[in-house]
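In: just the structure for this:
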Amino acid sequence: MKKSSIAAAVLVLFSFLCVFQSMGYGVNIYDGVRAPDGMYLLTYSSVYHADDVRDSSGDLARDGYGYYSVQEIFRGAWYYRGVVVSALVPVGGVYVDSAGRGSFGAGDITAGAGFFLPVSCVDILPMLFVKFPSGEYDSSETVNYGSGQYDIRPMVFIHKAARGFTVDAVAKYYRRLENHDTGVKPGDEIHLQAVAAYNLFGTFRAGPSVSWMRGRNREIDGEAQGNTAGEMLSLGGDFYVRAGCIGITFTWLNDLYARNRTDGNYYQIKTVLKF
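Out: Below is the predicted model of the structure:
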């Protein structure tokens, strides 16, 4: 088989592994707040469904794709004198109805640390995360829950509260390393996400949220593949309520615009418990 044919086959395979697995993760209310010292357990229960796939121009490339993702992410976080240490362990799976293939089990573990900057008017939290290729992954399969490659993810969270309003935002950069089983390096990505909320009554807050991502072209064996860069703009809302020691946030995001990505809806319920 010619080298170009091999590269094309790997590219098609990797489109199932990474390109179409695009869920609109948004920043939640209070994600960057300077929380009291202690241990926190967070859970993220999410569902993402998309029937459409968009091409490099944002036009409909395929309908009836039938992409589904269901997962539960368990996150432990430790806050101490402005220092934050956190680890996330996902469990769930993905399924592509049109291909009749799915992958289920443990996902890629992510761990990181950061510290709040010594300013009083706004909470600013820089963090550095590393995603490990610990999830279910098989290079011979067309659908995988794990990615098979490392990510290095610097982030900066911002939280501001004033007169019943809160604004939460985050800037992320995903430095995505090569998958050594396939020779594919996913394109790096920049993510900008924000939610603005208002205290409607008591401990209930609600407001609009937005998530934007733009990526670079993928590389195969060090060679860039043209027109493979992804982009996504999602808009929705966040709804937060506090009940005793538990905080609950519901997030909905709809993909308004996509390039080289699926086009669907994302739903998530986040719970926070302080020990």
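
In: how about the nearest residue to Phe165 once chain neighbours are set aside, phi and psi?
Out: Spatially, and ignoring its direct neighbours in sequence, Phe165 is nearest to Tyr198 (5.5 Å; CB to CB, 6 or more residues apart in numbering). From N, CA and C alone the C-beta is placed, and that goes for glycine too. Note on Tyr198: backbone dihedrals following degrees, to the nearest 10 are phi -130, psi 140.

In: before we move on, what about Cys121?
Out: Phi and psi for Cys121, reported as degrees, to the nearest 10, are phi -80, psi -20.

In: for beta bridges, what are the partners of the residue nearest to it when sequence neighbours are not counted?
Out: Spatial nearest neighbour of Cys121, excluding adjacent residues (CB to CB, 6+ apart): Lys160 at 7.9 Å. Beta bridges link Lys160 to Val167, judged by DSSP bridges.

In: again with Ala197
Out: Beta-bridge partners, per DSSP bridges, of Ala197: Thr166.

In: could I get the full set of strands for the stretch 1-150 of the chain?
Out: In the stretch 1-150 of the chain, the segments counted as strands under DSSP state E, counting those that start in this stretch are 38-54, 60-62, 67-80, 83-96, 101-106, 110-115, 123-131.

In: and the gap between the closest residue in space to Arg176 that isn't next to it in sequence and Arg214?
Out: Nearest non-adjacent residue to Arg176, counting by CB to CB, 6+ apart: Pro186, 4.2 Å away. Using CB to CB, to the nearest Å, Pro186 is found at 13 Å from Arg214.

In: comparing those two, which residue is more hemmed in?
Out: Neighbour comparison, Pro186 and Arg214: the larger count goes to Pro186, with 24 against 16 (by other CB atoms under 10 Å).

In: quick one: stretch 238-250 to chain centroid distance?
Out: From the chain centre to the centre of stretch 238-250 is a distance of 21 Å (CA atoms, centre = their mean, to the nearest Å).

In: which residues sit against it?
Out: With contact meaning CB atoms under 8 Å, 6 or more residues apart in numbering, stretch 238-250 is reached by 26, 28-30, 195, 197, 203-209, 251, 267-274.

In: could you identify the buried members of the residues you listed?
Out: 26, 28-30, 195, 197, 205-207, 209, 251, 268, 270, 272 (16 or more other CB atoms under 10 Å).

In: in TSV: those, plus distance to Phe116 and pLDDT.
Out: Formatted as TSV, the buried ones among the contacts of stretch 238-250 follow (distance: CB to CB, whole Å; pLDDT from 0 to 100):
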residue	distance to Phe116	pLDDT
Gly26	21	65
Asn28	18	88
Ile29	18	86
Tyr30	14	89
Val195	19	96
Ala197	21	96
Arg205	22	95
Ala206	26	97
Gly207	23	97
Ser209	23	96
Thr251	24	96
Gln268	25	96
Lys270	21	96
Val272	18	95
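
In: surely Val89 touches Gln71?
Out: No. Between Val89 and Gln71 there is no contact under CB atoms under 8 Å: 10.6 Å.

In: residue ranges in the chain under the pLDDT threshold?
Out: Residue ranges of the chain with pLDDT under 70: 1-26.

In: count of neighbours near the residue nearest to Glu178 when sequence neighbours are not counted?
Out: Setting aside the residues directly before and after it, Glu178 is nearest to Lys185 in space (CB to CB, 6+ apart), at 4.1 Å. Taking other CB under 10 Å as the criterion, the count of residues near Lys185 is 22.
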